[in-house]
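Q: Got a sequence here, can you build the structure:
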Amino acid sequence: MNILTDYWPLFRDGFLTTIELFLIAGVASLVLGVFGAMLRVSPVPVFRAAGTLYVTVVRNTPLTLVFLFFVFAYPYLDIVEFSYFAAAVVALSVYTSAFICEVVRSGINTVPLGQAEAARALGLTFSQSLAEIILPQALRSVVPPLVSTLIALLKNTTIAAGFSVAEAGRIRSILADDGENQLVGLLWVSLGFIILVMFLTLVQRSLEKRWSVAR
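A: Numbering: from 1, shown residues only. Alright, predicted model coming up:
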């Protein structure tokens, strides 16, 4: 307990930064992922190709390389100047949204084709039928894999510690600099992540009960 009590401000601030990273990147990833899924199922070939290219490139690129690009390479483009925290948010959002895109697309494919045909018969456009009929059903059916992807995002935030973001993944290095027991520190960090993952799991179960889909 000495490590936790003596370094409580370090643990507190580290996990607060981790949660902030997760929440901002999580919302951005959901928005980008849903938009990407819409491109993937679009009747316009150019949009489908763009969505496919994005998912293929990002999913096959290591997250560390995505971080390296936005932290070190992107500033040379001289477009918008990012702080290290903002660069970490962008890197996590871009990377995770590709996986969420495929999760949402799989959910869209589970919606019976007759739903889309009925929407067209009522005079709805593709975007209207997707937003008002298909997506609500698709999102309800993919809660478990969607939450699993968000859990992966939560754990991926630790990579930001290697790029000057003072989040939970950086606690070990600070303890090492002070000559403290790193193993004990890592056990406390692991416990913190376990608690956060358990919370997300409870949210998943709650949503599953509320949005249960009759098969």
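Q: Packing partners of the lengthiest helix in the chain?
A: Secondary structure of the chain per DSSP state H: the longest helix is helix 8-40. If you count contacts as 3 or more Cβ pairs under 8 Å, 6 or more residues apart in numbering; DSSP states H and E, helix 8-40 packs onto helix 45-59, helix 84-110, helix 143-156, helix 171-177, helix 182-210. Just so you know, the C-beta spots here come from the backbone N, C-alpha and C atoms, and that holds for glycine as well.
Q: what packs against the helix or strand that the second one is followed by?
A: Elements were assigned by DSSP states H and E; along the chain past helix 84-110, the next helix or strand is helix 113-121. Contacting helix 113-121 under the criterion 3+ Cβ pairs under 8 Å, 6+ apart are the following elements: helix 126-129.
Q: ok now the helix it packs on, how far from the chain's centre?
A: 26 Å (Cα atoms, centre = their mean, to the nearest Å).
Q: and it, what's its mean pLDDT?
A: In this model, helix 126-129 has an average pLDDT of 78.
Q: Pull the distance from the helix or strand following it to the chain's centre.
A: Under the assignment DSSP H and E, the closest C-terminal helix or strand after helix 126-129 is helix 135-141. In terms of Cα atoms, centre = their mean, the centre of helix 135-141 is set 18 Å apart from its chain centre.
Q: Output helix 135-141 as PDB, nothing but the C-alphas.
A: As requested, the backbone C-alpha atoms of helix 135-141 are provided in PDB (Å, rounded to 0.1, in the frame of the first residue of the first chain):
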ATOM      1  CA  LEU A 135     -28.400   1.800 -38.000                       C
ATOM      2  CA  PRO A 136     -30.600   1.700 -34.900                       C
ATOM      3  CA  GLN A 137     -31.100  -2.000 -35.300                       C
ATOM      4  CA  ALA A 138     -27.500  -2.600 -36.300                       C
ATOM      5  CA  LEU A 139     -26.000  -0.900 -33.300                       C
ATOM      6  CA  ARG A 140     -28.300  -2.800 -30.900                       C
ATOM      7  CA  SER A 141     -27.100  -6.100 -32.400                       C
END
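Q: Counting neighbours, what do you get for residue 124?
A: 16 (other Cβ atoms under 10 Å).
Q: host element of it?
A: Assigned by DSSP H and E, residue 124 falls outside every helix and strand.
Q: Need the outlier residue of this protein, farthest from its centre.
A: residue 121 (36.0 Å; Cα atoms, centre = their mean).
Q: what's the angle between the longest helix of the chain and helix 143-156?
A: 130 degrees (axes from the mean of the first three to the mean of the last three Cα atoms, to 10 degrees).
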